[in-house]
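K.L.:
need a structure here:
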Amino acid sequence: MTAPALHRHGTWLLVAGLCLAAAGLALEPQNPPTTPPVQVPAPVAGFGTADSNGTMIAVTGMDFTGASLLYLVDTQSKHLSVYQATGGSEATSRLRWIGARNIELDLAVDGYNDKSEFSFKTLEEKFKRGEVPDGR
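P.N.:
Below is the predicted model:
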């Protein structure tokens with residue numbers, strides 16, 4: 001394209017942009033809404049983290065009292081252990097072992113308290129027959 005043609009096309013683009021901006025301003029509501037905005041509580045900073053090294057998974061979080069929680073999963077021996085840490089003064093700070101469990105059999109169960117649309121067995125049978133459940 002030649003320079004005059006580019007100038008002509010650029011002018012039309014500028015005019016079209018200005019028209020769209022004017023239309024947007026004209027359609028903008030003149031009176032702001034009178035209802036106050038919904039206030040969402042801010043998330044707690046550093047609510048939780050997770051890391052792993054190939055044999056252990058560590059997940060941290062907070063319970064409803066604000067105490068820190070540590071979940072440790074040994075992926076080789078299939079064990080879970082949970083700890084609670086509270087801060088404060090020397091008299092109130094502590095580390096407490098909440099509980100532990102061998103989760104090997106838990107991980108072998110096809111379903112427990114499962115509210116899915118299809119049980120594992122039903123879904124497995126559908127796949128074996130070549131049926132693909134509707135994902136809606």
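
K.L.:
Can you show me the strands along the protein?
P.N.:
For the chain, the strands defined by DSSP state E cover 49-52, 56-62, 68-74, 79-86, 94-102.

K.L.:
Would you reformat these as JSON lines and include mean neighbour count and mean pLDDT?
P.N.:
(C-beta placed from N, C-alpha, C; glycine too.) Shown next, in JSON lines, are those (neighbours: other Cβ atoms under 10 Å; pLDDT from 0 to 100):
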{"stretch": "strand 49-52", "mean neighbour count": "10", "mean pLDDT": "89"}
{"stretch": "strand 56-62", "mean neighbour count": "14", "mean pLDDT": "93"}
{"stretch": "strand 68-74", "mean neighbour count": "16", "mean pLDDT": "94"}
{"stretch": "strand 79-86", "mean neighbour count": "15", "mean pLDDT": "94"}
{"stretch": "strand 94-102", "mean neighbour count": "11", "mean pLDDT": "95"}
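
K.L.:
Distance to residue 110 added to the ones you listed, as JSON lines?
P.N.:
Converted to JSON lines, those look like this (distance: least, Cβ to Cβ, whole Å):
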{"stretch": "strand 49-52", "distance to residue 110": "25"}
{"stretch": "strand 56-62", "distance to residue 110": "22"}
{"stretch": "strand 68-74", "distance to residue 110": "20"}
{"stretch": "strand 79-86", "distance to residue 110": "19"}
{"stretch": "strand 94-102", "distance to residue 110": "18"}
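
K.L.:
all helices for the protein, in order.
P.N.:
For the chain, the helices defined by DSSP state H cover 3-27, 104-108, 120-128.

K.L.:
List the contacts of the residue nearest to residue 84 when sequence neighbours are not counted.
P.N.:
Spatial nearest neighbour of residue 84, chain neighbours left out: residue 96 (4.7 Å); criterion: Cβ to Cβ, 6 or more residues apart in numbering. Contacts for residue 96 (Cβ atoms under 8 Å, 6 or more residues apart in numbering) come out as 83-86.

K.L.:
cool, and residue 85?
P.N.:
Going by Cβ under 8 Å, 6+ apart, the list of residues near residue 85 reads 67-70, 93-96.

K.L.:
Alright, that wraps it up for me.
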